[in-house]
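*Asks:* Below: sequence and its predicted model.
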There are 2 protein chains.
Amino acid sequence: MSNTYLLGIDVGGTAIKMALFTKEGPMIKKWSIPTDKREKGSYIPDDIERSVIKELENERITLEQLEGVGLGVPGFVDIENGTIEFAVNIGWRDFPLAKILSKSLSVPVFLDNDANLAAAGEYWKGAGRSAKDMICFTIGTGVGGGVIVGGNIVHGVEGMAGEVGHITVDPFRGKTCNCGKTGCLETVASATGMVSSVTEKRENKEYPTSILQSTSEEKLTTKEIFEAAARKDPLATAVIEEAALYIGLAAANACTLLNPERIVIGGGVSAAGEALLSPIQKYFQRYALEKVAKGTEFVIAELGNDAGVTGAAWLAAKSLGILPENH
Amino acid sequence: MSNTYLLGIDVGGTAIKMALFTKEGPMIKKWSIPTDKREKGSYIPDDIERSVIKELENERITLEQLEGVGLGVPGFVDIENGTIEFAVNIGWRDFPLAKILSKSLSVPVFLDNDANLAAAGEYWKGAGRSAKDMICFTIGTGVGGGVIVGGNIVHGVEGMAGEVGHITVDPFRGKTCNCGKTGCLETVASATGMVSSVTEKRENKEYPTSILQSTSEEKLTTKEIFEAAARKDPLATAVIEEAALYIGLAAANACTLLNPERIVIGGGVSAAGEALLSPIQKYFQRYALEKVAKGTEFVIAELGNDAGVTGAAWLAAKSLGILPENH
């Protein structure tokens, strides 16, 4: 049995997920605590420390047996200094979380953006495993992502790589995005974007026979939209086709640039499975070079909510140089 | 003085360029021989061997002092086996050029695609030097490119990475591309694409007062178009703006994915300099996230026809593990 362990932490707006892994990889325990956002998140380091110490004690694991901690946070991070530059959901600004935890737990702590670590988690143990290069599209409330090339997360010069939700897919007549630009992938392909497309088409009196015409605004979710499409509803089908077209286009262009072996589609909307994947692939094949399309496999993410903590543990193992084989 | 050398070879459709570098980097000599395409290019290995031996003799350098050879070819390559899968301009198919030369010259030979090596050349000693990650757009007869991440050329799973000319920029009404798709960047932003845009607008009787209306078809080059635009010709300006818009859009989306420090614009059309760069940057800023746009610098390629041989020598040095510093 393994004597040493890795800890993955995934800080979210409502919960902080944590999981313990052996050095060889298997997750042996996971738990979570609520995110205390009072006082600009200043109680969080102590909350994490207490929770980690308690759970390690329960497992009869000493702090000395913990080799490293990986930490994913929602926001802009300075990975070299382990500082969170800005996490709008939590209130952190220039917050040295990695340094604080490293001191209080006496263990090396490594930091990255949560979307990057979710991609890395899928790459290590999920839908991306054993792939040579992959791109992750996370389709949820917004559209996020991550890029893995040569076994490493691509960060870019400002740490902004993998912001696939802000790929411009409609340069001329696109909807306005939260980022201030227009025509971003997120405006049409996120859950929010798809629901707003339905609302827009209802307001324009398109598809009057659609069963979605009578759905109340607050009940309108992508689950309803995919259920209606399964019953061949024309409005639902049109909205899904539009989202799939733009995801397929963005993925094709990303693959023309990087030619990865795998595209992983994750996030809440990916629960739709083949009903989402199949139209995406149709448009991907239209917009990608034949040899590019041939080399790229589309898969639905496998780890769900565990992707973040898994990627965080991967980051710790990778940074400490103790990753087995070519991960 | 250096005792050992690297040789870069850049095989083109009309000429084979070669250059000798010291291990420390400076190019000490360059020359070229014509490309003999008879018998499906089967004379080429002997031609290269003879020329290399002769030039080394002239420099009083022995074959033993040659540490490695890098080789760029126009076509699909299997970099691991040093085989050219398919080079349509020359006639090679499954041609083991690296192995043949390695045997005849008794030296390690490393192979890659010419566009990738031109990008690597700019990264090593040209407009991309000291950049953290870069993307090269080569605007010539067609549009090619290369992607450098973490000091390595990105190849992808089928060796197709960096085919930026086939990024789909006009998914609905685009022109047909040589690749069989429609709406590729190459159809509007290459020299061929820009000339065809002028012809199209002439045929549609747009811009009747344009000075390009009277230019004979065979004299219509991008040089004429940029000269006319410098004189505020409306047709020329419209065609350049259109090309720049789509290059800016493709570059913005590539940077949203990778957030590189530098975009290098090369190829024959890049001779236009600021007249090309300035509108590209305008559209890049429209379509890129602010923080992405802030981190990316646009520069014109510096090495011209030497980019390929320089990148080939870089490949040899890199593969042999003798590259100084973080190149």
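*Replies:* Arrived safely, thanks for sending. Residues are numbered from 1 along each chain as shown, chains lettered A, B, ... in the order given.

*Asks:* mind listing the helices in the stretch 151-300 of chain A by residue range?
*Replies:* Using DSSP state H, counting those that start in this stretch, the helices of the stretch 151-300 of chain A run over A:185-189, A:191-203, A:222-230, A:234-258, A:274-287, A:290-295.

*Asks:* Tell me which residue lies nearest the centroid of chain A.
*Replies:* Geometric centre of chain A, nearest residue: A:A115, 3.9 Å, by C-alpha atoms, centre = their mean.

*Asks:* looking at this, it is in a helix?
*Replies:* Yes - with DSSP: H, G, I helix; E, B strand; the rest coil as the criterion, A:A115 is assigned to a helix.

*Asks:* for it, what are its contacts?
*Replies:* Listed by C-beta atoms under 8 Å, 6 or more residues apart in numbering or on different chains, the contact set of A:A115 reads A:C136, A:T138, A:G144, A:G145, A:G146, A:G162. Placement of C-beta: from N, CA and C, glycine included.

*Asks:* do A:V143 as well
*Replies:* By C-beta under 8 Å, 6+ apart, the neighbours of A:V143 are A:F137, A:V164, A:G165, A:L185, A:E186, A:A189, A:S190, A:G193, A:G267.

*Asks:* Please state the backbone phi and psi of it?
*Replies:* Here is the backbone geometry of A:V143 (degrees, to the nearest 10): phi -120, psi 120.

*Asks:* Which residue is the nearest non-sequential neighbour of it?
*Replies:* Distance criterion C-beta to C-beta, 6 or more residues apart in numbering or on different chains; nearest residue to A:V143, sequence neighbours excluded, is A:G165 at 3.2 Å.

*Asks:* cool, and A:T187?
*Replies:* Here the residue nearest A:T187, using C-beta to C-beta, 6+ apart, is A:K175, at 4.1 Å.

*Asks:* Can you tell me how far that neighbour is from A:S197?
*Replies:* To A:S197, A:K175 is 9 Å away according to C-beta to C-beta, to the nearest Å.

*Asks:* among the helices of the stretch 151-300 of chain A, which is nearest B:V11?
*Replies:* The closest of these to B:V11 is helix A:290-295. By C-beta to C-beta, the value is 21.0 Å.

*Asks:* what residues does the stretch 201-327 of chain A put near chain B?
*Replies:* A:245, A:249-250, A:252-261, A:286-287, A:289-292, A:294-296 (C-beta under 8 Å from any C-beta of the partner chain).

*Asks:* cool, and the stretch 1-150 of chain A?
*Replies:* Checking the stretch 1-150 of chain A against chain B by C-beta under 8 Å from any C-beta, the hits are A:F76, A:K132, A:D133, A:I135, A:V147, A:V149, A:G150.

*Asks:* Quick check on the first one: phi, psi?
*Replies:* Note on A:F76: its backbone torsions stand at phi -80, psi 130 [degrees, to the nearest 10].

*Asks:* Can you tell me the number of residues neighbouring it?
*Replies:* 18 (other C-beta atoms under 10 Å in any protein chain shown).

*Asks:* Please give me every residue in contact with it.
*Replies:* Counting by C-beta under 8 Å, 6+ apart, A:F76 has contacts A:I84, A:E85, A:F86, A:A87, A:N113, A:G159, B:K291.

*Asks:* same check, this time on A:T199
*Replies:* With contacts defined as C-beta under 8 Å, 6+ apart, A:T199 is in contact with A:E217, A:L220.

*Asks:* that older thread, which neighbours do A:K175 and A:S197 share?
*Replies:* Shared contacts of A:K175 and A:S197 (C-beta under 8 Å, 6+ apart): A:V188.

*Asks:* Between those two, point out the one with more neighbours.
*Replies:* Counted by other C-beta under 10 Å, A:K175 and A:S197 do not tie: A:S197 has more neighbours, with 21 against 15.

*Asks:* Look up the closest residue to that one, ignoring the ones flanking it.
*Replies:* The shortest distance from A:S197 to any non-neighbouring residue, by C-beta to C-beta, 6+ apart, is to A:V239 (4.7 Å).

*Asks:* and that neighbour, how far is that from chain B?
*Replies:* Distance, A:V239 to chain B, by C-beta to the nearest C-beta, to the nearest Å: 18 Å.

*Asks:* Please apply the same query to A:G162.
*Replies:* 7 Å.
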